[in-house]
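[1] got a sequence here, can you model it:
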Amino acid sequence: MVAMGVVSAIAQQFQVQLVSDQPIEIDPRSTLRPKGGIQVMLKARPA
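    Down below sits the predicted model:
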């Protein structure tokens with residue numbers, strides 16, 4: 001539980017943007033997941 005709080009606090013300091021022109025294919029399992037993951041760019045939010 002504490003680890004999730006730490007990750008949440010760190011993630012709030014960044015903006016997440018999807019890398020453009022990236023094909024996203026769905027991998028149908030018990031939950032829907034993107035095949036090969038999704039590439040994103042992190043940009044620091046202004047203080």
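[2] which stretches of the chain form strands?
    For the chain, strands defined by DSSP state E occupy the ranges 14-18, 26-28, 32-34, 40-44.
[3] the nearest residue to residue 17 once chain neighbours are set aside and residue 16: what is the separation?
    Leaving aside its sequence neighbours, residue 17 sits nearest to residue 41 (CB to CB, 6 or more residues apart in numbering; 4.9 Å). In short, each C-beta sits where N, CA and C put it, glycine included. For residue 41, the distance to residue 16 (CB to CB, to the nearest Å) stands at 8 Å.
[4] make JSON lines out of the strands of the chain and add mean neighbour count, distance to residue 1 and mean pLDDT.
    Shown next, in JSON lines, are the strands of the chain (neighbours: other CB atoms under 10 Å; distance: least, CB to CB, whole Å; pLDDT from 0 to 100):
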{"stretch": "strand 14-18", "mean neighbour count": "11", "distance to residue 1": "22", "mean pLDDT": "92"}
{"stretch": "strand 26-28", "mean neighbour count": "9", "distance to residue 1": "29", "mean pLDDT": "84"}
{"stretch": "strand 32-34", "mean neighbour count": "11", "distance to residue 1": "24", "mean pLDDT": "84"}
{"stretch": "strand 40-44", "mean neighbour count": "10", "distance to residue 1": "24", "mean pLDDT": "93"}
